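> The following comprises the amino acid sequence and a computationally predicted model.
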Amino acid sequence: MRPRVRDPRTLDLMKVTVAHIGRPQGLKGEVSLDLRTDIPEERLSPGSVLETIPADAGPLTVATSRTASGRWYVRFATVADRSEAEALRGIELIAEADDGDEDDAWYVHELVGLRVERPDGEVLGKVTDLLNMPAHDLLEIRQNDGVKALIPFVEEFVPEVDVEGGRVVVTPPYGLLSGEEPIVTDETRGDEKA
């Protein structure tokens, strides 16, 4: 599951976040990217023009792109050295979305604030963010006791997203939420037979 993000300043156009610019790589203006798209080969091909948030930082044209050790790196046409690349850190790269780009996707702003529940209706807290990680996204929730928890945003642990109903149903494995009592069975207790 990948979330789609809409630029609130252009609500009439659907935008997707392609990536967040990370730290510079090397001396020639290359930057690392924190990807937010399932189709980086398309979005980051040389010649691609990406809008930015904030808007005055772009648009940026991809001059070169490559992967190394599972990470994406790009150099933009107008960025010549490390100091210019450092100035881009944290900028969000966005593009117009095609309806079929990313199935089963939600806007991040649609997820933030949703009630987090177990399948039986027990309310656990609220969604506070969605973090993009290399393996999969993590749903960040603020539990009722104030403790933050991270739940892998995969169908196994987040089987239902009901934006209209204002809720997300989660089935996280034991240990991800605070205050959980361990499940004790004969197997986990161990036999104390002599």
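Perfect, thanks for sending it. Numbers count the residues shown, from 1 in each chain.

> Could you pull up the contacting residues of the spatially most central residue of the chain?
In the chain, the residue lying closest to the centroid (C-alpha atoms, centre = their mean) is N132, at 2.9 Å. Neighbour list for N132: H20, D34, L35, R36 [criterion: C-beta atoms under 8 Å, 6 or more residues apart in numbering]. C-beta here means a position set from N, CA and C on the backbone, and glycine is covered the same way.

> Which per-residue confidence value corresponds to it?
pLDDT for N132: 71.

> please renumber so the chain begins at 31
I'll keep to 31 as the first residue from here, and by that count the last item is N162.

> tell me the domain ranges of this structure?
38-126, 138-199 (automatic domain parsing).

> Which strands border whatever helix or strand V48 lives in, and is each parallel or antiparallel?
Using DSSP states H and E, V48 sits within strand 45-55. Strand 45-55 has the following strand partners under DSSP bridges: strand 60-65 (antiparallel), strand 122-126 (antiparallel).

> can you list contacts of it?
For strand 45-55, the surrounding residues in contact (C-beta under 8 Å, 6+ apart) are 34-37, 60-67, 70, 73-74, 80-81, 102-103, 112, 115-116, 118-127, 131-132, 138, 162.

> At which residues are the helices of the chain located?
For the chain, the helices defined by DSSP state H occupy 70-73, 112-116, 138-141, 216-219.

> Quick one: closest of those to V199.
helix 138-141 (12.8 Å; C-beta to C-beta).

> quick check, distance from the closest one to the centre of its chain.
Going by C-alpha atoms, centre = their mean, to the nearest Å, the spacing between the C-alpha centre of helix 138-141 and its chain's C-alpha centre is 11 Å.

> Now do stretch 90-110: everything it contacts.
Outside stretch 90-110, the residues that reach it (C-beta under 8 Å, 6+ apart) are 49, 55, 58-63, 65, 70, 74-80, 82, 114-115, 118, 123, 164.

> Could you rerun that using 7 Å?
Stretch 90-110 is contacted by residues 55, 58-63, 65, 70, 74-80, 82, 115, 118, 123, 164 when judged by C-beta atoms under 7 Å, 6 or more residues apart in numbering.

> Now, of those residues, which are buried?
Buried subset of the contacts of stretch 90-110 (neighbour count, 16 or more other C-beta atoms under 10 Å): 55, 59-63, 65, 70, 74, 78, 80, 82, 115, 118, 123.
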